[in-house]
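Undergrad: What follows is a predicted structure for the sequence shown.
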Amino acid sequence: MGGKKKLVRFEQLASMPNVYQNFNILKPALINSQGDAIDLRNQWSENHFGNDNPLILELACGGGEYTVALAERYPKANFIGIDIKGARIWKGANKAIENQQQNIAFCRIRIEQIAMFFGKEIDEIWITFPDPFYKKERRRLTHPNFLNLYRKILKDEGVIHLKTDDDMLYEFTMETLRQEKIEIIYSNDNIYSKPLYNDDLEIKTAYEKMHLEKRKTIKYVQFKL
């Protein structure tokens, strides 16, 4: 993407009513479309969405394809896509506005700081095709450090979904879950080799479509902390 186009998107992002951003990791405040700092921790459903529907996060959401698709399937649930890349978030936020989807928001924040912006109010977390970080194990979104963060924001019966094409990340995740004695609800290292466990798995992002074209197998695990 050209530099000018990216700058335009950043400008538009700042005025989108469904987007909140943190501009300084040393000052963990969310900035809304009016430029005001706002604290929504433990108040997302009430103060942004205006209801008490289930609250579901997609981490490292990229362009928000999964967030938008899930929100369309479940209009009585609230969805928040989280990513640090503003130009990517713009795609999902813009799509949600075009679709008039009131049950979607996006946060431009670092996942390492997620517990600063969310309380124990999350019903589900989706992690779809994250960076496997081959040389940086601690940055993998299923590393124990991240699992400890998720414990702070997930409700007691909350679940986590990981969908990936990466063998290493899947194996790392499965081994981590075993070592941490975490309940695995379902796992499959080739989800399309049999009827889908969950209809939501049929949603395909652009990345997944590319992976399938390269004949990669798609893996999935659902677990409860």
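TA: Happy to help now that I have it.
Undergrad: host element of the spatially most central residue of the chain?
TA: Centrality entry for the chain: nearest residue to the mean C-alpha point is Glu58, 1.7 Å, by Cα atoms, centre = their mean. Element membership for Glu58, per DSSP states H and E: strand 55-59.
Undergrad: tally of neighbours for Pro144?
TA: Around Pro144 there are 14 other residues, counting by other Cβ atoms under 10 Å. No exception for glycine: its C-beta is placed from N, CA and C like everyone else's.
Undergrad: can you pull out the helices in the chain?
TA: Secondary structure of the chain (DSSP state H): helices at 3-14, 65-73, 86-98, 144-153, 167-179, 206-213.
Undergrad: Please list the residues outside the last one that contact it.
TA: Contacts made with helix 206-213 from outside it, assessed by Cβ atoms under 8 Å, 6 or more residues apart in numbering, are listed as 62-63, 65, 128-129, 163, 165, 204, 218.
Undergrad: Between which two of those residues is the distance greatest?
TA: Gly63 and Ile218 (18.4 Å; Cβ to Cβ).
Undergrad: residues near Glu46, how many?
TA: Count around Glu46 with other Cβ under 10 Å applied: 12.
Undergrad: List the contacts of it.
TA: When contacts are counted by Cβ under 8 Å, 6+ apart, Glu46 touches Asp52.
Undergrad: Could I get the pLDDT score of it?
TA: As summarised for this prediction, Glu46 has a pLDDT of 94.
Undergrad: do you know how far it is from Asn78?
TA: From Glu46 across to Asn78, the span is 11 Å (Cβ to Cβ, to the nearest Å).
Undergrad: swap in Gly158?
TA: Remark: distance between Gly158 and Asn78 (Cβ to Cβ) = 14 Å.
Undergrad: So which helix or strand of this protein has the lowest pLDDT on average?
TA: Sorted by mean pLDDT, DSSP states H and E, the helices and strands of the chain end with helix 3-14, the least confident at a mean of 80.
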